[in-house]
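K.L.:
Just a sequence and a predicted model for now, questions to come.
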Amino acid sequence: MGGRGGGGGQKRGRTQRRHFRNHRDNEQSIVAEDEWDAFLETLHKPLPAAFRINSSAQFFEDIRSQLETDFMKSLNAEVADSGEADAIRPLPWYPDNLAWHSNFSRMQLRKNQTLERFHEFLKRENETGNITRQEAVPPLFLDVHPEHFVLDMCAAPGSKTFQLLEMIHQSTEFGLLPAGMVIANDLDVQRCNLLIHQTKRMCSANLIVTNHEAQHFPSCRVKDLSLVLEMGSGEGMINELSFDRVLCDVPCSGDGTLRKAPDIWRKWNAGMGNGVHRLQVQIAMRGLALLKVGGRMVYSTCSMNPVENEAVVAEVLRRSGESVELLDVSVELPQLIRRPGIKKWKLTVVRTCVLSARTYDSEIALDSLEEVSPPDGNQEKANPSSLESAPDNGINVDSECGLEQLENLAIPTEASDLEVSDLPLERCMRILPHDQNTGAFFIAVFQKLSSAAVEDTSHLNGQSTERQDELPNKFPDEIIEDTHMLEVNPPVDDTNDQQSICSEAAPDSDLVEKSLEEEDALKLDSSEICEENEADETKTNGENENKSEMSKGGKRKLQIQGRWRGVDPVVCFKTRPRSVASGHFMVSVNHFHLKERQTSKEGTSTKCGYRISSEGLPLLLPYITKQILYASLADFKHLLQYRTIKFADFVDSKFGEKASELMEGCCVIVLNHGARDSPLPVDASTVAIGCWKGKTNVSAMVSPTDSQELLERLCVHLVKKGNSSAQENNHCDSKADSEEAVASS
Ligand SMILES: C[S@@+](CC[C@H](N)C(=O)[O-])C[C@H]1O[C@@H](n2cnc3c(N)ncnc32)[C@H](O)[C@@H]1O
């Protein structure tokens with residue numbers, strides 16, 4: 001597995017061994033000598049699929065029980081003869097059976113027909129936001145509560161942001177927003193759009209997406225609402241916002257994702273870790289500066305390289321003195337097999353070669369190059385990477401020097417002095433692939449004890465202004481060149497642009513006042529922003545295509561921090577029920593997340609000119625008193641099945657009549673299980689959809705996938721509840737019809 005045949009495969013074998021020479025080194029102890037074969041063997045196996053149930057989804061318990069009872073039995077029976085371990089099983093270390101591991105790779109799921117039903121289930125639930133096809137450990141160590149303000153510093157494509165949002169939304173009363181919120185930031189504007197697309201499935205109003213360099217993430221100021229309430233004064237205090245929790249899931253060299261992205265075998269080298277070390281330290285330091293005293297910060301990478309892990313943690317501890325503690329979290333998630341952080345490592349000195357791809361073969365003798373594959377080689381030619389397939393390490397390793405242009409090759413030549421630390425680095429956690437059949441990653445958990453000595457580097461403009469004497473003395477110039485190669489910093493003029501926004505690390509009263517004045521003037525309407533971002537999303541797809549086209553030509557540029565297409569640069573948003581998110585944020589806000597309503601095309605000619613979006617409905621439902629009807633299960637099912645129903649065709653003729661009497665435009669249809677006539681109390685179990693009342697009919701404003709998902713959920717739910725009325729059985733019996741209807745719609 002993981003290998004491609006022929007001579008290329010042989011050479012690649014050598015390549016891999018050379019690349020991982022550091023990891024094998026006993027002194028470095030990443031993997032002991034006697035484990036090396038098992039470690040490498042696992043690294044070459046495709047990563048089994050893992051997925052997580054969204055615990056704030058309406059039907060999450062039904063989904064979990066469908067997995068526990070239905071799929072676990074049927075799939076395990078499927079593999080019984082093959083001698084395989086369990087086909088699917090809950091991950092023992094993840095709370096409440098909410099994360100699952102499947103022994104089928106994504107490829108197998110796609111190709112094996114007997115697994116089709118399971119694959120369809122995963123696809124649909126993923127699309128509707130009920131499951132996410134990735135489990136992530138770092139957010140679990142953040143101990144997030146619903147009232148927390150959380151900063152996700154390097155957030156795209158957003159799998160961990162999604163998890164953080166779930167935590168924020170845990171146990172929130174129906175119809176109310178949690179008091180906390182997540183600010184998800186990423187440097188790359190296209191990846192920000194991907195993040196927005198991913199997290200949209202969560203339907204959260206408590207997310208702001210920003211587009212900054214994390215190491216220069218601006219200070220934000222908020223009105224302290226509690227003081228406004230206590231003192232009864234109209235004006236609250238304007239405080240600098242600090243975060244209860246910070247996640248630094250930093251860009252890294254990504255050798256921990258080899259099982260998911262085997263292409264990295266060809267691209268990875270130890271020099272890449274050296275190149276990002278400095279940025280990783282800067283991001284972590286800025287994270288700590290923005291963290292509240294008493295707050296927690298998790299630093300994580302998907303790399304095994306100590307230079308990106310323990311060396312960063314050591315540097316952060318050194319710079320922070322007594323104001324920060326590296327936490328011992330060995331009692332948390334006890335079933336997660338982890339290894340202690342290492343305390344000594346060797347730094348690989350990297351010689352950077354720059355040579356033309358065309359002269360590659362003639363310039364360099366093959367035996368000295370066994371660790372790099374030829375840029376113009378046949379079987380190992382780089383595929384144009386896309387955002388979808390790129391590993392989530394935040395660095396696109398082949399995008400900088402196009403293959404037609406120059407190739408930078410960092411060639412490990414010798415190991416420099418051993419770096420030994422007496423800091424409590426054993427408290428860091430290393431997760432290795434062969435311990436529990438996962439990818440590899442690294443986690444360190446910090447707690448801020450005081451604000452005294454946390455050195456804030458946000459005023460430094462990246463490496464160009466950083467004082468060389470602040471750099472770890474083990475990084476020679478050649479290594480620093482690698483940073484250029486990866487180009488993680490934005491172009492200079494963009495940086496300047498950002499500086500005008502970000503330079504407010506020191507209070508800037510002009511800016512505060514401006515934001516206050518502009519609050520009313522802006523009259524921010526979330527729908528407007530959302531429309532804009534919808535356009536962005538469409539564009540993202542197009543851009544992705546362009547992107548891969550461009551990368552074919554080797555001309556693609558990386559990591560562009562975009563000019564702002566949202567609200568620029570000051571965004572004020574108003575108090576919402578029970579939301580403390582009413583401050584004045586002076587950051588580039590990419591997306592004000594929840595689309596509660598949209599203007600409709602028909603809007604101008606109808607009285608009820610907006611339509612409620614599926615995402616916004618749960619939030620607005622408790623407050624809707626007009627344009628709302630209660631349908632029997634039969635009629636609700638028909639609406640989902642056929643999408644548009646004439647008034648006269650409803651099974652319940654009274655319902656048809658009432659529907660015809662609604663105002664033309666947006667309305668809401670609530671499922672009335674007991675077929676009662678009176679309005680139902682609205683709670684978390686209420687099932688409702690946004691509809692459109694036309695001249696002669698009612699149409700469901702729900703996507704075909706969501707319709708099918710809802711029918712499926714209702715069916716499973718009713719069966720589970722043992723509800724076997726003829727009418728409801730009829731609903732389940734006709735599921736096949738509905739799938740047909742949905743497929744043809
Ligand atoms: C490891 S990935 C993050 C994965 C993400 N946390 C998730 O779970 O989906 C690192 C991210 O850092 C972003 N990045 C790189 N340099 C950055 C910087 N200076 N500031 C902020 N983000 C940066 C990359 O665009 C990439 O999306």
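P.N.:
The structure has been received and is ready for your questions. Numbers count the residues shown, from 1 in each chain.
K.L.:
got the residues of the stretch 151-300 of the chain near the ligand?
P.N.:
Listed as neighbours of the ligand in the stretch 151-300 of the chain under the rule CB under 6 Å from any ligand atom: 154-160, 186-188, 191, 213-215, 249, 251, 279. Placement of C-beta: from N, CA and C, glycine included.
K.L.:
give me that answer again for 8 Å
P.N.:
152-161, 185-188, 191, 195, 198, 212-215, 217, 247, 249-252, 254, 279, 282-283 (CB under 8 Å from any ligand atom).
K.L.:
Out of the residues you listed, name the ones that lie in strands.
P.N.:
Among those, DSSP state E puts Asp152, Asn185, Leu247, Asp249 in strands.
K.L.:
Could you tell me how many residues sit around the last one?
P.N.:
When neighbours are defined as other CB atoms under 10 Å, Asp249 has 28 of them.
K.L.:
Report the secondary structure element holding the nearest residue to it once chain neighbours are set aside.
P.N.:
Closest residue to Asp249 apart from its sequence neighbours, by CB to CB, 6 or more residues apart in numbering: Ser300 at 4.9 Å. Following DSSP states H and E, one finds Ser300 within strand 291-301.
K.L.:
Could you list every helix and strand in contact with that strand?
P.N.:
Contact partners of strand 291-301 among helices and strands, from 3 or more CB pairs under 8 Å, 6 or more residues apart in numbering; DSSP states H and E: strand 243-249, helix 270-290, helix 310-320, strand 441-448.
K.L.:
Need these in CSV (columns: mean pLDDT).
P.N.:
CSV is the format used below for these (pLDDT from 0 to 100):
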stretch, mean pLDDT
strand 243-249, 98
helix 270-290, 91
helix 310-320, 95
strand 441-448, 97
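K.L.:
To Glu657, which of those lies closest?
P.N.:
Comparing those by their distance to Glu657 (CB to CB), the top pick is strand 243-249, with 52.7 Å.
K.L.:
how long is stretch 75-89 end to end?
P.N.:
10 Å (CA to CA, to the nearest Å).
K.L.:
and if you look at stretch 691-707?
P.N.:
12 Å.
K.L.:
buried stuff in that stretch?
P.N.:
The neighbour-count check on stretch 691-707 (16 or more other CB atoms under 10 Å) flags Cys691, Trp692, Lys693, Asn697, Val698, Ala700, Met701, Val702, Asp706, Ser707 as buried.
K.L.:
tell me the pLDDT at Arg266?
P.N.:
With respect to pLDDT, Arg266 has a value of 76.
K.L.:
Now for Asp706: which residues touch it?
P.N.:
Residues near Asp706 by CB atoms under 8 Å, 6 or more residues apart in numbering: Thr128, Ser614.
K.L.:
Just say helix, strand or coil for it.
P.N.:
Assigned with DSSP: H, G, I helix; E, B strand; the rest coil, Asp706 falls in the helix class.
K.L.:
and it, how far is that from Pro157?
P.N.:
Going from Asp706 to Pro157 by CB to CB, to the nearest Å gives 22 Å.
K.L.:
picking up where we left off before, what is the nearest of the buried residues of stretch 691-707 to Gly180?
P.N.:
For the buried residues of stretch 691-707, the nearest to Gly180 is Asp706 (27.3 Å; CB to CB).
K.L.:
On the pLDDT front, check the closest one for me.
P.N.:
For Asp706, pLDDT reads 84.
K.L.:
Next one: it from the ligand, what distance?
P.N.:
Asp706 is 24 Å from the ligand, where distance means CB to the nearest ligand atom, to the nearest Å.
K.L.:
for Pro139, same thing?
P.N.:
Noted for Pro139: a distance of 9 Å to the ligand, by CB to the nearest ligand atom.
K.L.:
Ok, Asn437 next?
P.N.:
From Asn437 to the ligand the distance is 20 Å (CB to the nearest ligand atom).
K.L.:
how many other residues sit next to that residue?
P.N.:
15.
K.L.:
need the contact list for the closest residue to it other than its chain neighbours.
P.N.:
Sequence neighbours aside, Pro48 is the residue nearest to Asn437 in space, at 6.2 Å (criterion: CB to CB, 6+ apart). By CB under 8 Å, 6+ apart, Pro48 lies in contact with His101, Ser102, Asn103, Phe104, Ser105, Asn437.
K.L.:
one more time with 6 Å, if that's ok
P.N.:
Contacts for Pro48 (CB atoms under 6 Å, 6 or more residues apart in numbering) come out as His101, Ser102, Asn103.
K.L.:
Now neighbour count and secondary structure too, for those residues, in JSON lines please.
P.N.:
Formatted as JSON lines, the contacts of Pro48 follow (neighbours: other CB atoms under 10 Å; DSSP: H, G, I helix; E, B strand; the rest coil):
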{"residue": "His101", "neighbour count": "21", "secondary structure": "strand"}
{"residue": "Ser102", "neighbour count": "24", "secondary structure": "strand"}
{"residue": "Asn103", "neighbour count": "18", "secondary structure": "coil"}
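K.L.:
could those residues be laid out in JSON lines, adding pLDDT?
P.N.:
As requested, the contacts of Pro48 are arranged in JSON lines below (pLDDT from 0 to 100):
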{"residue": "His101", "pLDDT": "86"}
{"residue": "Ser102", "pLDDT": "83"}
{"residue": "Asn103", "pLDDT": "78"}
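K.L.:
Nearest to the ligand among these?
P.N.:
Closest approach between the contacts of Pro48 and the ligand, by CB to the nearest ligand atom: His101, at 18.1 Å.
K.L.:
so the closest one touches Pro90, yeah?
P.N.:
No: using CB atoms under 6 Å, His101 is not in contact with Pro90; the gap is 7.7 Å.
K.L.:
Do a quick rundown of the strands in the stretch 551-700 of the chain.
P.N.:
Ranges of strands in the stretch 551-700 of the chain, per DSSP state E, counting those that start in this stretch, are 571-572, 584-585, 589-592, 597-599, 610-612, 628-631, 644-646, 665-671, 688-693, 697-700.
K.L.:
Identify the residue nearest Met272 in space, chain neighbours excluded?
P.N.:
Spatial nearest neighbour of Met272, excluding adjacent residues (CB to CB, 6+ apart): Ser253 at 3.9 Å.
K.L.:
That neighbour and the ligand, how far apart?
P.N.:
Per CB to the nearest ligand atom, Ser253 is found 10 Å from the ligand.
K.L.:
and that residue, what is it in contact with?
P.N.:
Taking CB under 6 Å, 6+ apart, we find Ser253 in contact with Met272, Gly273, Ser303, Asn305.
K.L.:
Same check on Ile337?
P.N.:
The neighbours of Ile337, taking CB under 6 Å, 6+ apart as the test, are Asp435, Gln436.
K.L.:
cool, and the one 3 residues further on?
P.N.:
Counting by CB under 6 Å, 6+ apart, Pro340 makes contact with Glu426.
K.L.:
what bridges to it?
P.N.:
Met429 (DSSP bridges).
K.L.:
Okay, domains of the chain per the record?
P.N.:
What automatic domain parsing lists as the domains of the chain is 58-128, 138-592, 598-744.
K.L.:
Select from these the stretch with the lowest mean pLDDT.
P.N.:
The weakest mean pLDDT among the domains of the chain belongs to domain 138-592, with a mean of 64.
K.L.:
Return the closest of the contacts of Ser253 with respect to the ligand.
P.N.:
Using CB to the nearest ligand atom, Ser303 comes nearest to the ligand of these, at 9.3 Å.
K.L.:
Now that the closest one has come up, it's in contact with Leu258, right?
P.N.:
No: with contact defined as CB under 6 Å, Ser303 does not count as touching Leu258 (10.4 Å).
K.L.:
Now for those two: what residues contact both?
P.N.:
Contacts common to Ser303 and Leu258, judged by CB under 6 Å, 6+ apart, are absent.
K.L.:
okay, now Ser654: neighbour count?
P.N.:
Check again: residue 654 is Lys, not Ser. For Lys654, using other CB under 10 Å, the count is 10.
K.L.:
ok, now Val651?
P.N.:
Val651 is flanked by 15 other residues according to other CB under 10 Å.
K.L.:
check which helix or strand covers Ser451.
P.N.:
Going by DSSP H and E, Ser451 is not in any helix or strand.
K.L.:
who's in contact with the residue nearest to it when sequence neighbours are not counted?
P.N.:
Distances taken as CB to CB, 6+ apart place Val293 nearest to Ser451, at 5.6 Å, with adjacent residues excluded. Going by CB under 6 Å, 6+ apart, Val293 touches Lys448, Ser450, Ser451.
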